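Peer 1: My questions concern the predicted model and sequence given below.
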Amino acid sequence: MRRYEPVFYIAPAFIVLAIILFYPLGYSLYLSFHNWTLRDFRQGVPFVGLKQYINLFSNPEFLNAIRITFIFVIAAIVLEFILGMALALLLNHDLKGKGIIRSFILLPMMCTNVVVGLTWRLLLNYDYGLVNYLLSVVGLPRLEWLSKPALAMPAVIMVDVWNTTSFVALLLLAGLQALPDEPYEAARIDGASWWQQFRYLTLPLLRQTILVALLWRFIDTFRIFDVVYLLTAGGPARATETVSIYVYRYGFQSFNLSFASAASYIMILIMLVIAAVLARLIGRQD
Amino acid sequence: MNIYRVTKVINQVLIYVFVILAVILSLFPIVYLLITSFKPPELTFAIPPVWFFEPTLKNYYEVFAGGKFVKYFLNSLIVALGTTLVALLLGIFAGYGFARFRFRGVQTLRLAALVPQMLPPITIIVPLYVLFNSLNLIDTRWALLISYLTFIIPLSIWMMTGFFMDVPEELEESAMIDGCTRLGALFRISLPIVTPGLAATAILGFIYAWNEFLYAVILTGRDARTLPVTITSFMTNKAILWGRIAASGSLVLVPVLIFALLAQRYLVRGLSRGAIKG
């Protein structure tokens, strides 16, 4: 009886998850090998083998969506880590009003994505947006942030940086506060500079925290939908069409759910491979 | 000695300058949205922007006109509360189980519970849509509740495991020696101790459900629509009604901001625990 005690506690959550998640995911795997569109599903769903996957990889828009997604993921994460680390180091000082500062900095990451996307769409508007007004005040030309392909991606990245740098900063700050004092005292006695302490003590000691933050940020940026959908809807000219937007377009605008399922599975595969690599790095001690 | 002190003061000042700058940048878009929501419509697009004006509730009246907004507000509230409640209950048990029992494969199971949260929502919504379609659940609150559970159950397991791990096992053991069952020990000893963590988990779950957009826009129509979808309905084919977007956006944001500020300490602790312990 005792042996089965853990089952009583853990099983309910897993049973619910299995019903609402693994069954649907199995079904979409099935769909991806068949031809199911909302228009003609009554005539049955013919088995088509790997046809959906072959079509997918010969579809230049899909390859574009993957490329766009990785540009976004890498640029956003790099900026968020540089700014987040800087912010964490600043907040690690003994500041007055620490609690209230931390609360304020936390707010962007809690905001409703829809509101974030639309607020920035207003701020970045060409004619009456505040960003262009500020540019014109300092004598710079106004920019077509959301309608020029070359600028739309930087705009999306900028909004994501605003939205989630605080997440990275607060995780790193928690890591910094858990660091031991002794190595730093020893380093100071040896006359190590600020940069040397950061490079040879802080970074290696924070390795675990950094990797976990990296894993979460990867998962989160790779799936981005809401903010892009409301800022640019993937445009102009698919310059910001991430994989999520691409699947949405095929699945819920053209209602080709088999094709969308195949694209979903490629997305899951990419995600799991990268997440597994990061998880392995996290598990390995140095 | 003096030069040393001067550089120290300058350093301090610079730190405060940068921190304040970060706070301003974080808050400004939120404050700008709130200000815009109280602006008279003719000033919404004024450039240079007008900062001082007589605030008006006109945008808010227009949001509530027609009575639909209250209905959609209730949808959001019911779905978010329902999801949080169910996920919390399952999370308490599973989190407790992961924190207390050592058996083969426990680590693997803990990680498996996290996988659903890693899956991109767009990949889950495709099959869920087909499923709900065949069950006639499209445009019902049930469809939203079920689909939100896919990411809020893992979240609550993850956070509750951490909070239960912080409760010393000895407390429960002494209670159990006195004749308390394990279930009794969980509810009488450990649960009261993790109440702040429980509250933080509930708040985070509520915020995630309240903010969700992708599932809601696909699964709901005129009946079960939630607030984030309602906000986007003010982007019409003819024009984007910025005043109404600002007003409804502010209404959606205010509860989130209050909750986040209230639970700030525990949210950061809950989220960062995994980062330190690995």
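Peer 2: Done, it's in.
Peer 1: Just the closest residue of chain B to chain A, please.
Peer 2: Taking CB to the nearest CB as the measure, the point where chain B comes nearest chain A is B:Gly97, at 3.1 Å. C-betas here are computed from N, CA, C, even on glycine.
Peer 1: Now do the phi/psi pair for that residue.
Peer 2: With angles defined as degrees, to the nearest 10, B:Gly97 sits at phi -60, psi -40.
Peer 1: Contact partners for it?
Peer 2: Shown in contact with B:Gly97 (CB atoms under 8 Å, 6 or more residues apart in numbering or on different chains): A:6, A:8-10.
Peer 1: who in the stretch 151-286 of chain A is up against chain B?
Peer 2: Listed as neighbours of chain B in the stretch 151-286 of chain A under the rule CB under 8 Å from any CB of the partner chain: A:162, A:166-167, A:170-171, A:174-175, A:178, A:208-209, A:212-213, A:219, A:222-223, A:225-226, A:229-230, A:243-244, A:247-248, A:251-252, A:257, A:260-261, A:264-265, A:267-268, A:271-272, A:275, A:279, A:282-283.
Peer 1: So which bits of the stretch 151-278 of chain B are right by chain A?
Peer 2: Residues of the stretch 151-278 of chain B lying close to chain A (CB under 8 Å from any CB) are B:153-154, B:157, B:182, B:207, B:210-211, B:213-214, B:218, B:228-229, B:231-232, B:235, B:242, B:245-246, B:249, B:252-253, B:256-257, B:259-261, B:264-265, B:267-269, B:271-272, B:274-276, B:278.
Peer 1: Just the buried ones from these, in PyMOL syntax?
Peer 2: If you want just the buried ones from those in PyMOL, going by 16 or more other CB atoms under 10 Å in any protein chain shown, the selection is:
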select buried, chain B and resi 153+154+157+182+207+210+211+213+214+218+228+229+231+232+235+242+245+246+249+252+253+256+257+259+260+264+267+268+269+271+272+274+275+276
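Peer 1: before we move on, back to that, can the contacts of B:Gly97 go into a markdown table with extra columns for neighbour count, pLDDT and secondary structure?
Peer 2: Output for the contacts of B:Gly97, formatted as a markdown table (neighbours: other CB atoms under 10 Å in any protein chain shown; pLDDT from 0 to 100; DSSP: H, G, I helix; E, B strand; the rest coil):
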| residue | neighbour count | pLDDT | secondary structure |
| --- | --- | --- | --- |
| A:Pro6 | 19 | 85 | helix |
| A:Phe8 | 12 | 89 | helix |
| A:Tyr9 | 21 | 92 | helix |
| A:Ile10 | 24 | 91 | helix |
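Peer 1: would A:Leu201 count as being in a strand?
Peer 2: No: remark: A:Leu201 does not belong to a strand; assigned using DSSP: H, G, I helix; E, B strand; the rest coil, it is helix.
Peer 1: And the helices in the stretch 151-278 of chain B?
Peer 2: Taking DSSP state H, counting those that start in this stretch as the test, the helices found in the stretch 151-278 of chain B are B:169-177, B:182-185, B:191-193, B:195-211, B:214-219, B:227-232, B:242-262, B:264-277.
Peer 1: The stretch 151-286 of chain A now?
Peer 2: A:182-189, A:194-197, A:203-205, A:207-222, A:226-231, A:243-248, A:257-283.
Peer 1: In a markdown table: the helices of the stretch 151-278 of chain B, plus mean pLDDT.
Peer 2: What follows is those, written out as a markdown table (pLDDT from 0 to 100):
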| stretch | mean pLDDT |
| --- | --- |
| helix B:169-177 | 86 |
| helix B:182-185 | 87 |
| helix B:191-193 | 91 |
| helix B:195-211 | 92 |
| helix B:214-219 | 96 |
| helix B:227-232 | 96 |
| helix B:242-262 | 92 |
| helix B:264-277 | 63 |
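Peer 1: which residues does the residue nearest to the residue of chain B closest to chain A when sequence neighbours are not counted contact?
Peer 2: With CB to CB, 6 or more residues apart in numbering or on different chains as the criterion, B:Gly97 has its nearest non-adjacent residue at 3.1 Å, and that residue is A:Tyr9. Counting by CB under 8 Å, 6+ apart, A:Tyr9 touches B:93-94, B:96-97, B:100-101.
Peer 1: Pull out the buried residues from the residues you listed.
Peer 2: Neighbour-count burial (16+ other CB under 10 Å) applied to those gives B:93-94, B:96-97, B:100.
Peer 1: Find the nearest non-adjacent residue to A:Phe225, please.
Peer 2: Nearest residue to A:Phe225 in three dimensions, chain neighbours excluded: A:Ser244, at 4.1 Å (CB to CB, 6+ apart).
Peer 1: again with B:Val217
Peer 2: Leaving aside its sequence neighbours, B:Val217 sits nearest to B:Val229 (CB to CB, 6+ apart; 5.2 Å).
Peer 1: returning to that earlier point: of the helices of the stretch 151-278 of chain B, which is nearest B:Asn2?
Peer 2: B:Asn2 lies closest, by CB to CB, to one member of the helices of the stretch 151-278 of chain B: helix B:264-277, at 39.2 Å.
Peer 1: Thought B:Tyr215 was touching the residue nearest to B:Val217, still the case?
Peer 2: No: B:Val229 is not in contact with B:Tyr215 according to CB atoms under 8 Å; the separation is 9.9 Å.
Peer 1: Which helix or strand contains A:Gly26?
Peer 2: Element membership for A:Gly26, per DSSP states H and E: helix A:23-32.
Peer 1: C-terminal to that helix, what's the next element?
Peer 2: Counting by DSSP H and E, the next helix or strand C-terminal to helix A:23-32 is helix A:51-57.
Peer 1: Please compute how far that following helix lies from its chain's middle.
Peer 2: From the chain centre to the centre of helix A:51-57 is a distance of 26 Å (CA atoms, centre = their mean, to the nearest Å).
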